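Asks: sequence first, predicted model second:
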Amino acid sequence: MVMLRKLGRLFTIKTRLEAWLVIYAIALGAVERGRLYLETYPGWGGILLALACTGVVFIAGAKLLDSVKPQPALAGVAYRAPLRRRVLTGRSRPTRQPLRRASEPPISRRTD
């Protein structure tokens, strides 16, 4: 079990440099696959498939870079996630009106 855990840590992307290297490898494979599609399917079909292959690199690269924690600015300071905004509660926040049937009279919310 310990050996499997050690082996699994080899395939974990821990830094942004490793993420960029994986993105580069994905891009090389995508360009090669796109070139193959251009040769196999001449015309618009091959062009669209080649563009789809290279477009996937942007999506996968964004996911990889988002999954890696950014490096802290100072060496001794731990990374803190940004604070979440407070959810508005009160009269300034719109509320959903209850649905009413056409046969029912309108409901007044007035509290005079």
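Replies: Done, it's in. Numbering: from 1, shown residues only.

Asks: and residue 82, backbone torsions?
Replies: Main-chain dihedrals, residue 82, degrees, to the nearest 10: phi -70, psi 150.

Asks: numbering from 851 from now on, please.
Replies: Yep, numbering from 851; the last one is residue 932 now.

Asks: that one and residue 920, how far apart?
Replies: Residue 932 sits 11 Å away from residue 920, going by CB to CB, to the nearest Å. C-beta here means a position set from N, CA and C on the backbone, and glycine is covered the same way.

Asks: between these two, which is the more surrounded one?
Replies: residue 920 (8 against 5; other CB atoms under 10 Å).

Asks: which SS class is that one?
Replies: Secondary structure, DSSP: H, G, I helix; E, B strand; the rest coil: residue 920 is coil.

Asks: is residue 881 within a helix or a strand, and which one?
Replies: helix 866-890 (DSSP states H and E).

Asks: before we move on, what about residue 914?
Replies: Going by DSSP H and E, residue 914 is in helix 894-917.

Asks: next, count neighbours for residue 887.
Replies: Using other CB under 10 Å, residue 887 is surrounded by 19 other residues.

Asks: with adjacent residues omitted, what lies nearest to residue 877?
Replies: Leaving aside its sequence neighbours, residue 877 sits nearest to residue 907 (CB to CB, 6 or more residues apart in numbering; 4.8 Å).

Asks: got a list of what that neighbour touches?
Replies: 873, 876-877, 880 (CB atoms under 8 Å, 6 or more residues apart in numbering).

Asks: buried ones among those?
Replies: Buried members of those, counted by 16 or more other CB atoms under 10 Å: 873, 877, 880.

Asks: so what's the spatially closest residue to the first one that is not a sequence neighbour up against?
Replies: In other words, residue 873. Using CB to CB, 6+ apart and skipping the chain neighbours, the partner closest in space to residue 873 is residue 911 (4.2 Å). By CB under 8 Å, 6+ apart, the residues touching residue 911 are 869, 873, 876-877.

Asks: cool, thanks, talk later.
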